[in-house]
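>>> what would the 3D arrangement of this be:
(one chain, ligands or ions: 1)
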Amino acid sequence: MDYLARAGYNTVTLAQLYRHLTSGEPLPEKPVVITFDDGYASFYEHAFPRLRERGFVATLFVITDKVGTPRYVTWEQVREMAAAGIEIGSHTATHPDLRELEASQLEHEVSGSRKTLEEQVGVPVLFFCYPGGYYDEAALAAVQTAGYLGAVTTVFGAAAPGDDPLQWPRVPVSRGDTPKKLQALIDAALARSGS
Ligand SMILES: [Zn+2]
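Residues are numbered from 1 along each chain as shown. Next up is the predicted model:
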């Protein structure tokens, strides 16, 4: 986070990215979306305070059935973070491989989790994250039918204007990655996306 700030990056939400790509809403210089998957308690304990002290926004993808269980965030924490500007997205109800589900299960995981989040948090939930990065045509259709505007994958890259918003690529960042490694990953992602 310190490196991103020092290097002049500005955090934006997926909603801002979507509005930029669809209606040309301006983004700040060097925009970056920071996403966290799964909704671990460690996000609330460690990442959230550090994001806040830097004035950063980020997107948290929550597994709704895990909320309030050991090692995961609570609904109260999710509401507090949403009120503080953290964008809340769905990472399904139970984190299954979406390719292996029957239609009714798929709907429960994709659409049901969105409904649960909106009821529990009281904010629109417009973005989705495929568990394990796995999806197929049926999963894409379910995400679209559920009303999500965009979804993130584990495909490497940076989002670009021609992309299908339901298959946005990302840049994986791991524990121990140095600022130099992070910049190399960002550069590689941008080069690949031709932007
Ligand atoms: Zn996950």
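>>> how about the residues of this protein by the ion?
Residues of the chain found near the ion (CB under 5 Å from the ion) are D37, D38. C-beta coordinates here come from the backbone N, C-alpha and C atoms, glycine included.
>>> secondary structure class for S104?
Classification of S104 using DSSP: H, G, I helix; E, B strand; the rest coil returns helix.
>>> what residues does it make contact with?
Applying CB atoms under 8 Å, 6 or more residues apart in numbering to S104 gives no contacts.
>>> could I get the average pLDDT for the longest strand along the chain?
The longest strand of the chain (DSSP state E) is strand 150-156. Taken as a whole, strand 150-156 has a mean pLDDT of 97.
>>> how about the strands in the chain?
Under DSSP E, the chain gives strands at 10-11, 31-32, 35-38, 59-62, 87-90, 127-129, 150-156, 168-170.
>>> other SSEs contacting the first one?
On a contact count with 3 or more CB pairs under 8 Å, 6 or more residues apart in numbering; DSSP states H and E, strand 10-11 meets strand 31-32.
>>> name the helices or strands packed onto the strand it packs on?
Here strand 31-32 touches strand 10-11, helix 14-23, going by 3+ CB pairs under 8 Å, 6+ apart.
>>> do a quick rundown of the helices in this structure.
Assigned by DSSP state H, the chain shows helices spanning 2-6, 14-23, 41-42, 48-54, 75-83, 103-107, 113-121, 137-145, 179-193.
>>> most tightly surrounded among the ones you listed?
Greatest average neighbour count among those goes to helix 113-121 (a mean of 19), per mean count of other CB atoms under 10 Å.
>>> ok, T13 - contacts?
V33, V57, T59, E87.
>>> that one and the ion, how far apart?
According to CB to the ion, to the nearest Å, T13 and the ion sit 19 Å apart.
>>> ditto for G176
The value you get for G176 to the ion, if CB to the ion is used, is 20 Å.
>>> just the pLDDT for the residue lying closest to L21 once chain neighbours are set aside.
Nearest residue to L21 in three dimensions, chain neighbours excluded: P161, at 5.8 Å (CB to CB, 6 or more residues apart in numbering). Reported pLDDT at P161 in the predicted model: 90.
>>> and the one 3 residues further on, by the same measure?
D164 is assigned 96 on the pLDDT scale.
>>> follow-up on the earlier one: so for V152, which of the helices and strands packed on strand 31-32 sits nearest?
V152 sits nearest to helix 14-23 of all the helices and strands packed on strand 31-32, at 7.6 Å, using CB to CB.
>>> quick one: contacts of the closest one?
For helix 14-23, the surrounding residues in contact (CB under 8 Å, 6+ apart) are 25-27, 31, 33, 35, 59, 87, 89, 126-127, 149-150, 152, 159, 161, 163, 165, 168.
>>> give me the angle between it and strand 150-156.
Between the axis of helix 14-23 and that of strand 150-156 there is an angle of 100 degrees, by axes from the mean of the first three to the mean of the last three CA atoms, to 10 degrees.
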